[in-house]
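# Starting from these lines, generate the structure:
(2 chains)
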Amino acid sequence: MAGLELLSDQGYRLDGRKATELRKFQARMGVFAQADGSAYLEQGNTKALAVVYGPHEVRGSRSRIRHDRAVINCQYSMATFSTAERKRRPHGDRKSTEMSLHLKQTFEAAVMTQLYPRSQIDIYVKILQSDGGNYSVCVNAATLAVIDAGIPMRDYVCACTVGFVDETPLADLCYAEEGGGVSSLALALLPRGGQIALLQMDARLHQDHLEALMEAAMTACKGVSKVLDQVVRQHLQEASVPSAE
Amino acid sequence: MAAGFKIAEPLEYHRSFLKENCRPDGRELSEFRTTTLNIGSISTADGSALVKVGNTTVMCGIKVELTNPLVEAPGKGFIVPNVDLPPLCSSRFRPGPPGEQAQAASQFIADVIESSEVIQTEDLCIERGKLCWVLYCDMMCVDYDGNVLDACIIALLAALKNTKLPEVTINKDTGSTRTSFCVFDDSILIVDPTAEEEGLSTSHLTVVTDEKERLCVVHKPGGTPLSAEKLQECIGRATARQREIQKLVDKVVHSVKTAQ
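Model (predicted):
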């Protein structure tokens, strides 16, 4: 691969990070008034908004009602100005539909849907600026939004995209790294029990490397969970201060 | 107790406030909500702005591309506005193709751009008949609490000021502002409605003015009739609002420039 050197000899990546270092994390919860729960998350240059409505009555087809649990409805979309080239079809295309489905499956594993039979929870995620790791940033943002909405979950859902370059696993890939022929793996983890909610890899990787890559992904996700926890606690502290007065 | 009354009898609830000449959120009839503006936050877009009018939040992103001009207008470029009201901004919108409101809003903004000559499309032409710029302006509402179009126009203006076309320096454009009014119960006029107030009102009025204090667009889609004096009053208020917004946008653009 001519040109970009994804991992230098000293162990630095394109943006100056080390192999296991995550991007700069900034998050805000409760940013919108209309929604039941909302969160804004920035991981490096990737910016995502997540909004949760619910639990509420099932809208649309009555056939979707489940008598014993809530139905989770996810929609993933990208703003037209989020990528370097203007995105012609922000939603409805195959990639967005696939992502929406993955998000839905991830959250069905984590949210305690059996507490809300016959209802629906809507999770909408929008990418405002895309710089790699879209799925992971969406999952993290959606976790914060679901917590902000007060919907009980088994555990935080933390996600991270890792790649394998020069025998080294790289954590939290950015756009340049994702595209550069790197085998990337996206992992969504429930950190306390170490349970995997979703694992996605569609690149070629030798079986021997899989273990090392999974280890790196799990460690990265645990790192993300610590940051998410901090954000939630800080938000609660800020929210409780006015009522204490 | 008040919350129960609000849900059961929303019209009476609002009327009881209007009798005292104020509104449920404490504003005067002619008071606007606090407007905050943030520009240049999205680096993948060529120009971007985020506007909050009270709780209503609109994000505008501008992308520029090259294209061939139309045969009928070889010396003009294009400006393509698009308003997106996604389901995440409010539970009243369903997922799927753009609804009526979004499409009507996009068309309205296209009309405003044309009539107020915010950008001279001739400036967007690079080579007559061969190459011109097309500006895609995508306005996305992320929190809907009434008065979306006002916020869209402010966001669009600010984003345009923030846009730099390659080889051509910063866009010079005249500023235009839109003001929305709602008529309640056939006689009471309120400014900058929230989502509830919009739903309960009996008619709407929109006035767009530009920085030279000329009228660009006046739009009153049906509803209860309005007298000529009321209309003049509205136009006066719109002009005052125009000055406020112009100051705000200039201040923000200036602070971004000095920060760079």
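# For whatever residue of the stretch 51-200 of chain B ends up closest to chain A, pull up the helix or strand it's in.
With Cβ to the nearest Cβ as the measure, the residue in the stretch 51-200 of chain B that lies nearest chain A is residue B:61; the distance is 2.9 Å. Glycine gets a C-beta too; all of them are placed from N, C-alpha and C. Mapping residue B:61 onto the secondary structure by DSSP states H and E places it in strand B:56-67.
# Paired strands for the helix or strand just after that strand, with orientation please.
Read in the C-terminal direction, the helix or strand following strand B:56-67 is strand B:78-84, with elements assigned using DSSP H and E. Each strand that pairs with strand B:78-84, with its direction, by DSSP bridges: strand B:131-143 (parallel).
# what's the following helix or strand after the strand it pairs with?
helix B:148-162.
# just checking, what packs against that following helix?
For helix B:148-162, the packing partners by 3 or more Cβ pairs under 8 Å, 6 or more residues apart in numbering or on different chains; DSSP states H and E come out as strand B:35-39, strand B:47-53, strand B:56-67, strand B:78-84, helix B:100-116, strand B:131-143, strand B:176-184, helix B:228-259.
# rerun at 6 Å
When contacts are defined as 3 or more Cβ pairs under 6 Å, 6 or more residues apart in numbering or on different chains; DSSP states H and E, helix B:148-162 packs onto strand B:35-39, strand B:47-53, strand B:56-67, strand B:131-143, strand B:176-184, helix B:228-259.
# Can you tell me which residues in chain A are near chain B?
By the rule Cβ under 6 Å from any Cβ of the partner chain, the part of chain A lying against chain B is A:32-34, A:51, A:53, A:75, A:79-84, A:86, A:124, A:128-129.
# Now, those residues that are in helices?
Assigned to helices by DSSP state H, none of these qualify.
# Going along the chain, name the helices of chain A.
Per DSSP H, chain A carries helices over the ranges A:94-110, A:134-148, A:175-179, A:207-244.
# circling back to that earlier point, in this structure the residue of the stretch 51-200 of chain B closest to chain A contacts residue B:138, no?
Yes: judged on Cβ atoms under 6 Å, residue B:61 makes contact with residue B:138 at a distance of 5.2 Å.
# quick one: buried residues of stretch B:240-252?
Counting neighbours by 16 or more other Cβ atoms under 10 Å in any protein chain shown, one finds that the buried residues in stretch B:240-252 are B:241, B:242, B:245, B:246, B:248, B:249, B:252.
# Alpha carbons of that stretch, in CSV - could you do that?
Output of stretch B:240-252 as CSV, limited to C-alpha atoms (Å, rounded to 0.1, in the frame of the first residue of the first chain):
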residue,chain,number,x,y,z
ALA,B,240,-36.8,45.1,14.2
ARG,B,241,-36.0,41.4,14.4
GLN,B,242,-34.0,41.6,11.2
ARG,B,243,-31.7,44.1,12.8
GLU,B,244,-31.2,41.9,15.9
ILE,B,245,-30.4,38.8,13.9
GLN,B,246,-28.1,40.7,11.6
LYS,B,247,-26.1,41.9,14.6
LEU,B,248,-25.9,38.4,16.0
VAL,B,249,-24.7,36.8,12.8
ASP,B,250,-22.1,39.5,12.2
LYS,B,251,-20.9,39.1,15.7
VAL,B,252,-20.5,35.4,15.4
